[in-house]
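>>> Just the structure for this:
(one chain, ligands or ions: 2)
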Amino acid sequence: MSRSNSFYECQSCGAQFPQYFGRCTNCGNWNSIIEIPSTKSREKRNQNLYQTANNSSKLRSESIEKLQEQPITRIRTGYQEFDRVLGDGLVPGSLVLVGGDPGIGKSTLLLQSATAIAQERSVLYVSAEESAQQVRLRWQRLTQKKCNLRLLAETNLDKVLEELQNLSPEVAIIDSIQALNDENISSATGSIAQVRECSSALQKIAKNQGISLILVGHVTKEGMLAGPKVLEHLVDAVLTFEGDRFASHRLLRAVKNRYGATHELGVFEMQGTGLKEVQNPSELFLNNESAPGVSTIVAYEGTRSLVVNLQALVNTTTYASPRRTATGININRLHQILAVLEKHIGLALSRYDCYIAVAGGLQVEEPAADLGIAAAILSSFKETQLPERTIFMGEVGLAGQLRPVTKIEQRLEEAERLGFERAIIPKNNTISRGESREINLELIEVKNISEAILNALG
Ligand code: TYD
Ligand code: MG
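Ligands and ions are numbered 1, 2, ... in the order given. Sure thing, here's the model as predicted:
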């Protein structure tokens, strides 16, 4: 393709250049310039814009009061967990991005869902990474149900668009967006310019024809979806599929969702026969053995509560400055809790290394886990087990006081369901029982961290 077809634009300041520069000469930012194809249609559209200005007889907007309500019938994906993360199923005509590390199981998840959806609807699976034979082999191994699933192994954007136009399926899956290639752009396949053009072309056709489009995206070395901002604005939902490569369970999470709650979590398990959903995930993250340094909390993910084990190891340091490592928890949160324990309980933690981890590879970001972290650290420090069947909840303030946590009713219910007997919770954490039933847990309400520790370890 000749280079004169495109121009280059800075993504920070919008300055345009006839050639590529590593650094924008206008705003000085590095690596912010990307290639933009300047097609004839673009120019024509701009001309039309000027011609039709001030022509009020051509108004296309409508009064919001007069708009008809259209009921949405969501498309079931065959997995309740996937439906939950999407916000009760796939919305027709929506654009969903599923991102994740290579080899985590995105293709497997989508191929299985595609087969389930294709029981009743027409589905197109575009494989830009694997050959049709490879996909067919996998499909044969996973399911062999009769279904209306069509397969296209193609990397050329124009050919994919043409197929979408001609077939007009209800659902289309593009695996993956980084492997598609627009011939009008000279940038390499997978570059930001390519990803941006391919996705916006796909978005247009999907919106026009009412196709629900699922795009697969790879995560780059820096842990970002390639072309993250570009894609995030374009799509209706961004889901990430993550998990420990060495463990079998996988977590599907909604980072952005125009049609449902964000931070909703779906749990799957990779088995020899494909991905199976896990409907009782608390049991996956909960290990009933108790040992010094283990505490139990209830994390709230999306619209569901999960009972999770925390593990801490506190050991005399041999380094000049002690080591602090946190897996699944924000390291700054750990530092803050260590400082509170040192100041208000009088533990000389500055002479100890401290490691903390959430069991099962889960990320717990909410402050409600603070008290559980503090209890685990203390338990490891004192080499004493925490009382059995007890959960810890509460945000620890810098003055050592405990702050209320949200959604306490749901958390307590989940703990009770899993056979817990006692909960240490912040004082004046209002529990609105409302219409829900009584909670059969012994509730120990404490004002500050020293009271909590006194109750837990005596
Ligand atoms: P895949 O879906 O190809 O990952 P992605 O598309 O995210 O790159 O998943 C590949 C991994 O999943 C591979 O390492 C093998 C494993 N796997 C199973 O364990 N069981 C199965 O039934 C399948 C299909 C894959
Ligand atoms: Mg794949």
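>>> Could you give the bridge partners of the closest residue to His249 other than its chain neighbours?
Spatially, and ignoring its direct neighbours in sequence, His249 is nearest to Glu269 (5.1 Å; C-beta to C-beta, 6 or more residues apart in numbering). Every residue, glycine included, has its C-beta placed from N, CA and C. Legend: beta-bridge partners of Glu269 under DSSP bridges are His249, Lys276.
>>> Tell me which residues are up against the longest helix anywhere in the chain.
Longest helix in the chain, counting residues (DSSP state H): helix 192-209. Outside helix 192-209, the residues within contact range by C-beta atoms under 8 Å, 6 or more residues apart in numbering are 34-37, 93, 95, 157, 160-161, 164-165, 168, 172, 174, 177-178, 180-182, 184-185, 187-188, 211-213, 215, 217, 226-227, 230-231, 234-235.
>>> Now for the residue nearest to His249: which residues touch it?
Ser248, His249, Arg250, Leu275, Lys276, Glu277, Val278.
>>> Swap in 10 Å and give it another go.
Counting by C-beta atoms under 10 Å, 6 or more residues apart in numbering, Glu269 touches Gly243, Ala247, Ser248, His249, Arg250, Leu275, Lys276, Glu277, Val278, Pro281, Leu284.
>>> Next to ligand 1, which bits of the stretch 151-300 of the chain? Give me the list.
Met270, Gly272, Thr273, Gly274 (C-beta under 6 Å from any ligand atom).
>>> show me where the stretch 251-400 of the chain has helices.
282-285, 331-340, 370-382 (DSSP state H, counting those that start in this stretch).
>>> Please identify the deepest-packed of the ones you listed.
Per residue and on average, the most neighbours among those fall to helix 370-382, with a mean of 26 (mean count of other C-beta atoms under 10 Å).
>>> For the helices of the stretch 251-400 of the chain, give me a markdown table that also has distance to Ser295 and mean pLDDT.
Formatted as a markdown table, the helices of the stretch 251-400 of the chain follow (distance: least, C-beta to C-beta, whole Å; pLDDT from 0 to 100):
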| stretch | distance to Ser295 | mean pLDDT |
| --- | --- | --- |
| helix 282-285 | 13 | 76 |
| helix 331-340 | 12 | 95 |
| helix 370-382 | 4 | 94 |
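>>> quick one: contacts for whichever residue of the stretch 201-350 of the chain sits closest to ligand 1?
Nearest to ligand 1, among the residues of the stretch 201-350 of the chain, is Gly274, at 4.1 Å (C-beta to the nearest ligand atom). For Gly274, the contact set (C-beta under 10 Å, 6+ apart) comprises Gly105, Thr108, Leu109, Leu111, Gln112, Thr115, Arg138, Trp139, Arg141, Leu142, Thr143, Phe268.
>>> Could you give the number of residues near the fifth one?
The tally of other residues near Gln112 (other C-beta atoms under 10 Å) stands at 24.
>>> Same check on the one 10 residues further on?
Around Ser122 there are 17 other residues, counting by other C-beta under 10 Å.
>>> Help me confirm that it comes into contact with Ala172.
Yes - assessed by C-beta atoms under 10 Å, Ser122 is found in contact with Ala172 at 9.4 Å.
>>> overlap in contacts of these two?
In contact with both Ser122 and Ala172: Arg150, Ile211, using C-beta under 10 Å, 6+ apart.
>>> Give me the sheet partners of the very next helix or strand once past the longest helix of the chain and which way each runs.
From helix 192-209 onward toward the C-terminus, using DSSP states H and E, the following helix or strand is strand 212-218. Using DSSP bridges, the strands paired with strand 212-218 are strand 95-100 (parallel), strand 171-175 (parallel).
>>> avg pLDDT for strand 212-218?
The average pLDDT within strand 212-218 is 91.
>>> roughly how far out does it sit from the chain middle?
14 Å (C-alpha atoms, centre = their mean, to the nearest Å).
>>> just stretch 62-69 next, same as before
34 Å.
>>> So which helix or strand of the protein has the lowest pLDDT on average?
helix 40-52 (a mean of 58; mean pLDDT, DSSP states H and E).
>>> Beyond it, next helix or strand please.
Counting by DSSP H and E, what follows helix 40-52 is helix 80-86.
>>> Skipping adjacent residues, who's closest to the residue of the stretch 351-458 of the chain found nearest ligand 1 in space?
Residue of the stretch 351-458 of the chain nearest ligand 1, by C-beta to the nearest ligand atom: Gly361 (16.2 Å). Spatial nearest neighbour of Gly361, excluding adjacent residues (C-beta to C-beta, 6+ apart): Asp244 at 4.3 Å.
>>> Just the pLDDT for the one you found.
72.
>>> just the one 5 residues further on next, same as before
Each residue has a pLDDT score; the one for His249 is 83.
>>> Any idea how many residues pack against it?
When neighbours are counted by other C-beta under 10 Å, His249 comes out with 19.
>>> quick one: contacts for it?
So His249 contacts 243, 267-270, 275-276, 278, 281, 284-285, 360-362 (C-beta under 10 Å, 6+ apart).
>>> List only buried entries from those residues.
243, 267-270, 275, 278, 281, 284-285, 360-362 (16 or more other C-beta atoms under 10 Å).
>>> re the thing from before, quick one: which two of the contacts of Glu269 are the most distant?
Pairwise distances across the contacts of Glu269 (C-beta to C-beta) peak at 15.9 Å, for the pair Ala247 and Glu277.
>>> of these two, who's got more company?
Glu277 (18 against 12).
>>> In the stretch 151-300 of the chain, where is pLDDT below threshold?
Within the stretch 151-300 of the chain, the stretches with pLDDT under 70 are 220-230, 245.
>>> Alpha carbons of stretch 64-82, as PDB, please.
Taking Å, rounded to 0.1, in the frame of the first residue of the first chain, the C-alpha atoms of stretch 64-82 are listed here in PDB:
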ATOM      1  CA  ILE A  64     -36.600  11.600  24.800                       C
ATOM      2  CA  GLU A  65     -40.200  11.400  26.000                       C
ATOM      3  CA  LYS A  66     -41.500  10.100  22.700                       C
ATOM      4  CA  LEU A  67     -38.800   7.400  22.300                       C
ATOM      5  CA  GLN A  68     -40.400   3.900  22.400                       C
ATOM      6  CA  GLU A  69     -39.100   1.500  25.000                       C
ATOM      7  CA  GLN A  70     -37.600  -1.500  23.400                       C
ATOM      8  CA  PRO A  71     -37.500  -4.700  25.400                       C
ATOM      9  CA  ILE A  72     -34.100  -6.400  25.300                       C
ATOM     10  CA  THR A  73     -34.000 -10.100  25.000                       C
ATOM     11  CA  ARG A  74     -30.500 -11.200  26.100                       C
ATOM     12  CA  ILE A  75     -28.700 -14.000  24.500                       C
ATOM     13  CA  ARG A  76     -27.700 -16.800  26.800                       C
ATOM     14  CA  THR A  77     -24.100 -17.900  26.400                       C
ATOM     15  CA  GLY A  78     -24.500 -21.400  27.800                       C
ATOM     16  CA  TYR A  79     -22.600 -20.600  30.900                       C
ATOM     17  CA  GLN A  80     -24.400 -19.000  33.900                       C
ATOM     18  CA  GLU A  81     -21.100 -17.500  35.000                       C
ATOM     19  CA  PHE A  82     -20.500 -15.900  31.700                       C
END
